[in-house]
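Engineer: please find the sequence and the predicted model below.
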Amino acid sequence: MKKYDHKKIEKKWQKHWAVKKIYKTKEGGKKPKCFILDMFPYPSGEGLHVGHPRGYIAADVYSRFKRMNGFNVLHPMGFDSFGLPAENYAIKNKIHPEVAIKNNIKRYKKQLEMLGFDYDWDREIITSDPNFYKWTQWIFLKMFEKGLAYESYEPINFCPSCLTGLANEDVEDGKCERCATPVVKKPMRQWVLKITDYAERMLEDLKELKGWSEHIKESQRHWIGKSEGVEVSFKLTANSLQFGEVKIFTTRVDTIFGVTYLVIAPENKIIEELKGQIKNLGAVEKYITEAKNKSDLQRTDLAKEKTGVDLKGVKALNPANGEEVPIFVADYVLGGYGTGAVMAVPAHDERDWEFAKKYNLPIREIIEPLFKTTFGPDAIVENLPMQKRETVVCIVKHWSENKYICLKWKKYDWKTFVVGGTDGEDPVKAGLREIKEETGYVSPKFIKKLGSKVHNQFFARHKNENRWAIITPLYFELENGEKMEIDQKENETHDVVWVNHNEVLNYLFDDKSDTLFWNRMIGEESIYTGDGILINSEEFDGLDSKTARGKMTKWLEERKLGEKKINYKLKDWVFSRQRYWGEPIPLIHCGYCGVVAVPEKDLPVKLPKVKFYEPTDTGESPLAKMDKWTNVKCPKCGGKGKRETNTMPQWAGSSWYYLRYIDPKNKKALVDKKKEKYWSPVDMYVGGTEHATRHLIYARFWHKFLYDIGIVGEKEPFASLKNQGLIMGNDGRKMSKRWGNVVNPDDVVSQFGADTLRVYEMFMGPFDQPISWSADNMIGSRRFLERVYSLSLKLKNKKSNLKTENPKLERLIHQTIKKVTEDIENFRFNTAISALMILLNEMEKDENKPSSFSYKSFIKLLSPFAPHLAEEIWQNILGEKKSIHLEEWPKFDESKIEPDETTVVVQINGKVRGSFSAGKDKNQEEIQSIALSLPEIKKYVGENEIKKILFVKNKIISIVI
RNA sequence: GCCUGAGUGGUGAAACUGGUAUACACGUAACACUUAAAAUGUUAUGGGCGAAAGCUCGUGUGGGUUCGAUUCCCACCUCAGGCACCA
């Protein structure tokens, strides 16, 4: 028998498909469209490793599947070729980036073609191609026109190794995302895009993105980082004279009466204004200089130890109570967030608390902790009123050992300290009384109070009411073991248990207020940062935090001392790079007119060809040295002008590239309106999760902008997004030259074939989960394909052309069609392939000769995964004339899926004790009588009384005895 | 610290809205074919007890709900990813 020669087969059909252009996307027609997009690769020097194509294979499978299901498919590919990696590669290897990119793209393309993807290469785009980046520049100009691109001189993240400014998104853990060098803050001229204008819409529209995985949306929400609070003005005084004001931002106005000092960031400009008033200016300036010289990494690494300097001579007035508080400059407050200043409430904020402890600042409690029980049998019952009750909780220590009294309640699953109501009595007295009554010990001695009162809201089962316990926690010690008789009633309620010191929390376990008491008891200082009940807050006393926030905000607003404010962590996008290999920013600086846009007709502003493109450390791009290129006429006044020499970041082209696939050769517009309307949005976007907070944020931002100026008709660019898990080396580490664990797809394809690689990568595990490469496991996929091939030859030789087959196989065929169809639709490729394997196993049995419908269906189901082999069988063995990839996807018949007989399982007390097969849809009575007549069931039931019988049709009968 | 996801055989992993846990594949063992090996095929393959029929334990740990839990609830542990002095 002929052997499965993957080399011959794959080469033959790849050529055939290319010549016949079977994957060419046609415009128009009546078919519904499906736009399938891969995150296009960055053509680095390394070439693809076996992990890269996982997403491409999935998209290709999906694309072929959709095409066979009657969709007009757009599945293009291109290259993201501008940016740092290409440039760094070029510098390292002393090849001009343009040449390097050309070579690398060639190599990538060859590798992609080798895997048999169904791209329409006529639509290929390359972001460093002037015909493409003309439109990248055009979009920038539109943003400039709308005031969304602005020039700034603020200090930004700067990579001292790449010698360029970076966006917030390009920094990971305080290090440059490309080269892992710690970034520094450096003031420099830069172009910035006002992405923050779109923060709210980007956040809001996430809700509509049903096809995105939750964790990507979650990390975008995080990145955008919305928080609602109040901006409050604190008046400043020096020598009892008013001296302007400082604005702070807080989400916790309810704690404003607990402010004991203010903190401003070293970057805050207010310090400049106050210079004349600061008595220790030298120390303050020294601190600020030091803070500025710290890298981000240092500043966060040193986070554990907070530092700061008092602004002597200047005080702030708390608008809530008119109190004068000191002001500190400290770098634990960030200059770039909110107003760059905060009110410090050390009693209820961990950072402020740490700082206050270090500098011995007063700590004032304003919030009494409130714990609500929200689940379990003690959960608050809605619509039942709250009964307030003053309570004491007594921690009682043994007279000689390190043990404490806990009560174990008899009727309820409770373990508590000694507790009791005070009924207006002095809490200490009440505590003494409770200890005696409940435990019998007669010698308790009061030692101390354990912090503030604590509120506990729960459902009191023993009284059948919602209880709001206002607890005073007290600490007692017994002087001796003398005991009196306990009241009968108390004795019936609970047992007294002595618990060792270090086991107390484990014993009591679930009540958070107990934990708090205990921590205070053992002297562990802990602060409460949650919501609670206000005290020491004048007219706001007794309110809960949430209500207090509302009332205080109103109070401040009425007096013009504060206003509601929303802040975002998202920062504007630093959009200029001091590097050569990027899109030139199409602006001209003119001495008379200022910054002038390059007229649209002069686009693209081409990147000049240069010999030297290494970055400089002057804060200028290498382009600045090219006088011939930079010196131009001002388009407005005709006078002398200079081109902007900064270039765009790596992410510019990829922020909109998908739109260009729709209309890649259009010279007049970014994209034709009609075509855009037909193809948008992208129906399925496949790529890695590493782009969650970079590319995917930028692209959404640009898309929304293009929507606003009427270029696109959809608010969101990508309707569905699927993320592939990383493929690691067989050692479980990320594939990298460094570990020597890189597997080259060229080798795999040559040895096993592209189809085997494709099937294996889809079969190896769930698509979105990371997984280690295993050459051993891949053998299974190869064997599977070999068996498919040899079965095909066998069936051909036997000239099997059955019309029907045995019903079991027929049912399996229809089940498999259903399963594979649903699985591909949901990106569950591993189970789809397993279903195909099960079907093959059955068809290989002699008694199960498939009909020609069945066999052809099977090959069609296989074709998205193994396109070459499927085509070979389809045309060469089965003698079909049309490509299988243009055939129609098989349809299953629902009526043929259901079996006539089902296996009914018999359970006794939930355990499987037997099973039998019975006709479909039999009712309980019939099944029950069969079940009870089975000997193995009789054995168990015996003389026992049957309490209950549960029945699930076609599945299970459960007997309870 | 916070957020998200995940813990199932020797391994990669299945299991629809709670209903026969371990499908499919890898590996391993035995057998067949072969002078032999490879390849291929057949059979077996969670642990314990048992000659066997069978019994019993088992989806990270501990508890709960249920006739019945990998699936739902609570607490904890471990791993991966994201964010991290964001007031």
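Structural biologist: On my side now, so go ahead.

Engineer: so where's chain A uncertain?
Structural biologist: Along chain A, the model assigns pLDDT under 70 to residues A:1, A:301-304, A:376, A:509-511, A:524-526, A:798-804.

Engineer: could you give me the buried positions within the longest helix along it?
Structural biologist: The single longest helix within chain A, with elements called by DSSP state H, is helix A:775-797. By neighbour count with 16 or more other Cβ atoms under 10 Å, helix A:775-797 contains the buried residues A:778, A:781, A:782, A:784, A:785, A:787, A:788, A:789, A:791, A:792, A:795. The C-beta positions use only the backbone N, C-alpha and C, and glycine is treated the same way.

Engineer: where's stretch A:635-650 relative to the chain centroid, distance-wise?
Structural biologist: Between the mean C-alpha point of stretch A:635-650 and the mean C-alpha point of its chain there is a distance of 39 Å (Cα atoms, centre = their mean, to the nearest Å).

Engineer: span of it from start to end?
Structural biologist: Distances were taken as Cα to Cα, to the nearest Å; on that basis the terminal residues of stretch A:635-650 are 28 Å apart.

Engineer: which positions in it come out as buried?
Structural biologist: Under 16+ other Cβ under 10 Å, the buried positions of stretch A:635-650 are A:635, A:641, A:642, A:643, A:644, A:645, A:646, A:647, A:648, A:649, A:650.

Engineer: now swap in stretch A:869-886 and tell me
Structural biologist: Under the neighbour-count criterion of 16+ other Cβ under 10 Å, stretch A:869-886 has A:869, A:870, A:871, A:872, A:873, A:874, A:875, A:878, A:883, A:884, A:885 buried.

Engineer: which secondary structure elements does the helix or strand containing the second one sit against?
Structural biologist: So that's residue A:870. Take DSSP states H and E as the rule and residue A:870 turns out to sit in helix A:867-871. Secondary structure elements in contact with helix A:867-871, counted by 3 or more Cβ pairs under 8 Å, 6 or more residues apart in numbering; DSSP states H and E, are helix A:6-20, helix A:754-763, helix A:775-797, helix A:852-862.

Engineer: nearest to residue A:406, of those?
Structural biologist: With Cβ to Cβ as the criterion, residue A:406 lies closest to helix A:775-797 of the helices and strands packed on helix A:867-871, at 55.0 Å.

Engineer: so what's whichever residue of the stretch 501-650 of chain A sits closest to RNA strand B closest to, chain neighbours aside?
Structural biologist: Sorted by distance to RNA strand B under Cβ to the nearest atom of the strand, the residues of the stretch 501-650 of chain A start with residue A:569, at 3.5 Å. Spatial nearest neighbour of residue A:569, excluding adjacent residues (Cβ to Cβ, 6 or more residues apart in numbering): residue A:225 at 2.7 Å.

Engineer: wait, doesn't the one you found sit right on residue A:693?
Structural biologist: No - under the criterion of Cβ atoms under 8 Å, residue A:225 is not in contact with residue A:693, lying 10.7 Å apart.

Engineer: of the two, which one has the most company?
Structural biologist: Ranked by neighbour count (other Cβ atoms under 10 Å), residue A:225 and residue A:693 place residue A:693 first, with 18 against 15.

Engineer: tell me the contacts of residue A:764?
Structural biologist: Residue A:764 sits next to A:771, A:774, A:777, A:830 when contact means Cβ atoms under 8 Å, 6 or more residues apart in numbering.

Engineer: quick check on the residues you listed: which are buried?
Structural biologist: The neighbour-count test (16+ other Cβ under 10 Å) marks A:771, A:830 as buried among the contacts of residue A:764.

Engineer: okay if I get the contacts of residue A:764 as CSV plus distance to residue A:552?
Structural biologist: Putting the contacts of residue A:764 into CSV (distance: Cβ to Cβ, whole Å) gives the following:
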residue, distance to residue A:552
A:771, 53
A:774, 61
A:777, 62
A:830, 56
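
Engineer: any chance you could map the strands in the stretch 501-650 of chain A?
Structural biologist: Residue ranges of the strands in the stretch 501-650 of chain A, as given by DSSP state E, counting those that start in this stretch, are A:532-534, A:562-567, A:573-574, A:587-590, A:594-597, A:631-633, A:640-643.

Engineer: swap that for the stretch 301-450 of chain A, sorry
Structural biologist: Under the criterion DSSP E, counting those that start in this stretch, the stretch 301-450 of chain A contains strands at A:309-317, A:324-329, A:341-344, A:367-372, A:386-397, A:403-409, A:415-416, A:418-421, A:444-449.

Engineer: for those strands, which one sits closest to RNA strand B?
Structural biologist: The closest of the strands of the stretch 301-450 of chain A to RNA strand B is strand A:341-344. By Cβ to the nearest atom of the strand, the value is 4.4 Å.

Engineer: against which helices or strands is the longest strand seen in chain A packed?
Structural biologist: With secondary structure taken from DSSP state E, chain A has its longest strand at strand A:465-478. Applying 3+ Cβ pairs under 8 Å, 6+ apart, we find strand A:465-478 packed against strand A:386-397, helix A:427-439, strand A:444-449, strand A:454-460, helix A:512-521.

Engineer: again, only using 6 Å
Structural biologist: Identification of packing neighbours for strand A:465-478 by 3 or more Cβ pairs under 6 Å, 6 or more residues apart in numbering; DSSP states H and E yields strand A:386-397, strand A:444-449, strand A:454-460.

Engineer: out of the ones you listed, flag the one nearest residue A:192.
Structural biologist: Residue A:192 sits nearest to strand A:454-460 of all the helices and strands packed on strand A:465-478, at 47.7 Å, using Cβ to Cβ.

Engineer: what sits up against that closest one?
Structural biologist: Outside strand A:454-460, the residues that touch it by Cβ atoms under 6 Å, 6 or more residues apart in numbering are A:368-373, A:378-381, A:466-471, A:513, A:533.

Engineer: give me the angle between the helix or strand harbouring residue A:831 and helix A:775-797.
Structural biologist: Taking DSSP H and E as the definition, one finds residue A:831 inside helix A:829-843. Put simply, helix A:829-843 runs at 40 degrees to helix A:775-797, going by axes from the mean of the first three to the mean of the last three Cα atoms, to 10 degrees.

Engineer: list the buried ones in helix A:829-843?
Structural biologist: A:829, A:830, A:832, A:833, A:835, A:836, A:837, A:839, A:840, A:842, A:843.

Engineer: surely the first one meets residue A:763?
Structural biologist: To tie it back to what came earlier, the one meant is residue A:829. No - contact criterion Cβ atoms under 6 Å: residue A:829 and residue A:763 do not qualify, at 7.1 Å.

Engineer: okay, and the common contacts of the two?
Structural biologist: Taking Cβ under 6 Å, 6+ apart as the contact definition, residue A:829 and residue A:763 share no neighbouring residue.

Engineer: what's the following helix or strand past the helix holding residue A:870 packed up against?
Structural biologist: Sequence-wise, the next helix or strand downstream of helix A:867-871 (DSSP H and E) is strand A:901-908. Contact partners of strand A:901-908 among helices and strands, from 3+ Cβ pairs under 6 Å, 6+ apart: strand A:911-919, strand A:956-960.

Engineer: quick check: can you name the pairing partners of the last one and their directions?
Structural biologist: Looking back up the chat, that one is strand A:956-960. Sheet pairing for strand A:956-960, assigned by DSSP bridges, gives strand A:901-908 (parallel), strand A:948-952 (antiparallel).

Engineer: who wins for proximity to residue A:210 among these?
Structural biologist: Residue A:210 sits nearest to strand A:948-952 of all the strands paired with strand A:956-960, at 32.0 Å, using Cβ to Cβ.

Engineer: neighbouring contacts of the closest one?
Structural biologist: Contacting residues not belonging to strand A:948-952 are listed as A:924, A:957, A:958, A:959, A:960 [Cβ under 6 Å, 6+ apart].

Engineer: please redo it, this time with the cut-off set to 8 Å
Structural biologist: Outside strand A:948-952, the residues within contact range by Cβ under 8 Å, 6+ apart are A:924, A:927, A:928, A:956, A:957, A:958, A:959, A:960.

Engineer: which one of the residues you listed is nearest RNA strand B?
Structural biologist: residue A:958 (3.4 Å).

Engineer: quick one: contacts for that closest one?
Structural biologist: By Cβ under 8 Å, 6+ apart, residue A:958 lies in contact with A:906, A:907, A:908, A:910, A:949, A:950, A:951, A:952.
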